[in-house]
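1. A structural model of the following input is requested.
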Amino acid sequence: MTMWLSACAVVFLLWPARFGGSATILIVQGNSMQPALGNGDLVVARSRDTYHAGDIVVFDVNRPGVASSARVMHRIMSIAADGTIITQGDNRATADEFGTTTSDIVGEAQLTIPNGGTILWVLSRWWTLAGVAGVLTILALLGTETPSRPRRRARRGPVCIVNSL
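-> Numbers count the residues shown, from 1 in each chain. The predicted model follows:
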């Protein structure tokens, strides 16, 4: 029972925002947040009602002339009364000039798995899946023994004693 409750809690906490949940799962690309976050780290960000200075947040940045937005993960340095936020990467000397507001925030980084994104990338490659399938096939074949023939016992028939006169 406890295992089922734990599994349900994990599913609830990691349910993606695109399907109505509040979690966004990302892989860090770049070194702007080192030493807190490194290239290849897996991060789970969850949306909240309020954010504060010091929070590491994921937010959308709309670039002029580009139809889609980019996702950036930086630390909030300050929040103005009008909702404008100043962000900066931990490994950067100057603050960002994105013109970001609190409505652009996707969520706060709440769970980090070091190199988790790199591990997922390696596991998702065809050659890794082929290698795992090959190893499992070999283990399955080695684990099966051909049945040996049972030893035959020497048959002894009924003992017949003959008395001669």
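2. Which secondary structure elements does the strand ranked longest in the chain sit against?
-> Criterion DSSP state E: the longest strand present in the chain is strand 69-79. Strand 69-79 sits against strand 56-62, strand 85-88, with contacts defined as 3 or more Cβ pairs under 8 Å, 6 or more residues apart in numbering; DSSP states H and E. Where you see a C-beta, it was placed from the backbone N, CA and C, and this is true even at glycine.
3. please redo it, this time with the cut-off set to 10 Å
-> Applying 3 or more Cβ pairs under 10 Å, 6 or more residues apart in numbering; DSSP states H and E, one finds that strand 69-79 contacts strand 23-27, strand 42-46, strand 56-62, strand 85-88, strand 105-113.
4. would you say D82 is within a strand?
-> No. Checked against DSSP: H, G, I helix; E, B strand; the rest coil, D82 lies outside a strand; its state is coil.
5. Now do the residue nearest to it when sequence neighbours are not counted against V135, distance only.
-> Leaving aside its chain neighbours, D82 sits nearest to T101 (7.9 Å; criterion: Cβ to Cβ, 6 or more residues apart in numbering). T101 is 51 Å from V135, where distance means Cβ to Cβ, to the nearest Å.
6. more neighbours, the two?
-> T101 (14 against 10; other Cβ atoms under 10 Å).
7. All set now, cheers.
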